[in-house]
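Visitor: Structure for this input, please:
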Amino acid sequence: MQSLYFYWLLVCSFVGTAVFGQSLDYPSFRNISLGTNANTVHSFAQDSLGMLWLGSNNGLFNYDGYALQPLTGTKSPFQTFVYCIALIDNKYFALGTGQGVLLYNYQFDRFESFPTGGPVDVRSLLLVGDTLWIGSISGLYCYNTKTRKLIDYQNSFPKNKSKTAVYALEKVGDRILIGTYNGLFELNPSKKDIVPLPLPDYRPGSNQFVNSIFSIPESASTYVGTEYGLYRYNTKNHTLQKTPVLQNHPIKAMASKDSNTLLVGTDDGLFT
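Guide: Below you'll find the model as predicted:
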C-alpha cells in the first residue's frame, strides 16, 4: 500500500501543488518516462505479489521498483486507454479500458476472455464480494466473477437518467454510490433500486458531473468530487453537504494519507 500511495501522489503532483491548512512533509518525486507512445497515467494497482501496475493512455505497464515495462507490444489489440484497474484475487485483475473490460491473469502473464455484450468504454470498476461493478459511458453493469454472468443495470435508473455515463463508484455501508455525468446516485443492491442524491445548491441546467468518490474508512467519511467543488456524504440520512473549502474547483481525484488527511487533486493543483 505504501508503494501504491507513493505513485498515486506522483500522478497528483503532475498538476502542481497548492496546500492549505497544516503543512505536511512529503518526499520529492522523480518523473519516470513511459516512452514516446504513452504520456498519461490514469490508474494504479498493486497485485498480491507486490508488483505495481499502471494504466496509461497506451496500454498497461508494470513497475518492479527498478524498471518500468510495457505489457503490450506496438501491434497488440490491448494497446488502448486503461482508465481503471480492479484487483479481483491472487490471480486476476480487471482493466477498464476504451475497449471495454479486459481480464488479465498476472500469474501467467496473459489476457483472458470476458463475456460479450458489455460496455465498450469503461471508466470505473468496483469489486464488492464476488460482484464487479462496472461504470461506463453507456451506463452501469455488474459482473459475477464466479458465474461469469454480466447484467445491465440501466433499467434500474430513473427513466429520465437511463442512459447516463458512469465515472465513479464507491461502496458505503450496504449501498453503492454512483458518480455520473448527470449527478450522484445511490444503489441498494439488495433491492436493485437506484435513487438520485441531489447536490446542494444545484441550479437546473448546470453541470452535475461527478468525477470522483472517496471514503476514509477510519473516520467513516465519504467525499464526492464534482466539477464545481467538494461535498461530503452523510451516511445517516443519505444526503450531501457542501464542504467549506474547494468550492468552484473541479475535483478530479482523491486519496488519503491517514484518517485525518484528505488529498485532493484538482485542475488547479494538489490540496490537502
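
Visitor: Show me the helices in the protein, by range?
Guide: 2-13 (DSSP state H).

Visitor: Which segments of it make up each domain?
Guide: Domain assignment for the chain by the TED database gives 39-118+132-138+146-152, 156-271.

Visitor: pLDDT averaged over the longest one - what is it?
Guide: Summarised as a single mean, pLDDT over domain 156-271 is 82.

Visitor: is it true that Glu170 touches Ile213?
Guide: Yes - checked against C-beta atoms under 8 Å, the pair Glu170 and Ile213 is within contact range at 3.9 Å. Bear in mind the C-beta positions are built from the backbone N, C-alpha and C, glycine included.

Visitor: Pull up the overlap in contacts between the two.
Guide: Common contacts of Glu170 and Ile213, defined by C-beta atoms under 8 Å, 6 or more residues apart in numbering, comprise 177, 179, 222.

Visitor: Next, count neighbours for the first one.
Guide: It stands for Leu177. By other C-beta atoms under 10 Å, 22 other residues sit near Leu177.

Visitor: what does the second one give?
Guide: The local packing count at Gly179 equals 25, with neighbours defined by other C-beta under 10 Å.

Visitor: how close does it get to Glu170?
Guide: Gly179 sits 8 Å away from Glu170, going by C-beta to C-beta, to the nearest Å.

Visitor: anything in contact with each of these two?
Guide: Shared contacts of Gly179 and Glu170, defined by C-beta under 8 Å, 6+ apart, comprise Ile213.

Visitor: Identify the residues contacting Met51.
Guide: Met51 makes contact with 62-64, 106, according to C-beta under 8 Å, 6+ apart.

Visitor: Buried members of those residues into PyMOL, please.
Guide: Filtering the contacts of Met51 down to the buried ones (16 or more other C-beta atoms under 10 Å) takes a single PyMOL command:
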select buried, resi 62+63+106
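
Visitor: How many neighbouring residues does the nearest residue to Val82 once chain neighbours are set aside have?
Guide: Spatially, and ignoring its direct neighbours in sequence, Val82 is nearest to Gly55 (3.0 Å; C-beta to C-beta, 6 or more residues apart in numbering). Neighbourhood size, Gly55 [other C-beta under 10 Å]: 23.

Visitor: What of Leu184?
Guide: Neighbours of Leu184 under the rule other C-beta under 10 Å: 21.

Visitor: let's have the chain start at 20 instead
Guide: Sure, I'll start counting at 20 from here, so that last one is Leu203.

Visitor: wait, it sits on Val214?
Guide: No - in this structure, Leu203 is not within contact of Val214 by C-beta under 8 Å, at 10.1 Å.

Visitor: hmm, back to that, reformat the domains of the chain into CSV and put distance to Leu145 next to each item.
Guide: As requested, the domains of the chain are exported to CSV (distance: least, C-beta to C-beta, whole Å):
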stretch, distance to Leu145
domain 58-137+151-157+165-171, 4
domain 175-290, 4
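
Visitor: out of these, which comes closest to Ser143?
Guide: Closest of the domains of the chain to Ser143 is domain 58-137+151-157+165-171, at 3.6 Å (criterion: C-beta to C-beta).

Visitor: buried sites along stretch 219-239?
Guide: Buried residues in stretch 219-239 (16+ other C-beta under 10 Å): 227-235.

Visitor: Could you check how far it is from the centre of its chain?
Guide: Stretch 219-239 has its C-alpha centroid displaced from the chain centroid by 14 Å (C-alpha atoms, centre = their mean, to the nearest Å).

Visitor: Equivalent analysis for stretch 112-119, please.
Guide: Its chain's C-alpha centre and that of stretch 112-119 lie 12 Å apart, by C-alpha atoms, centre = their mean.

Visitor: could you give the mean pLDDT of it?
Guide: Regarding stretch 112-119, the rounded mean pLDDT is 90.

Visitor: Output that stretch as PDB, nothing but the C-alphas.
Guide: What follows is stretch 112-119, C-alpha atoms only, in PDB (Å, rounded to 0.1, in the frame of the first residue of the first chain):
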ATOM      1  CA  PHE A 112      -7.300  -8.200 -12.200                       C
ATOM      2  CA  ALA A 113      -9.800  -6.400 -14.400                       C
ATOM      3  CA  LEU A 114      -9.000  -3.400 -16.600                       C
ATOM      4  CA  GLY A 115     -11.500  -0.800 -17.500                       C
ATOM      5  CA  THR A 116     -10.500   0.400 -21.000                       C
ATOM      6  CA  GLY A 117     -11.600   2.100 -24.100                       C
ATOM      7  CA  GLN A 118     -12.300  -1.400 -25.500                       C
ATOM      8  CA  GLY A 119     -14.400  -2.500 -22.500                       C
END
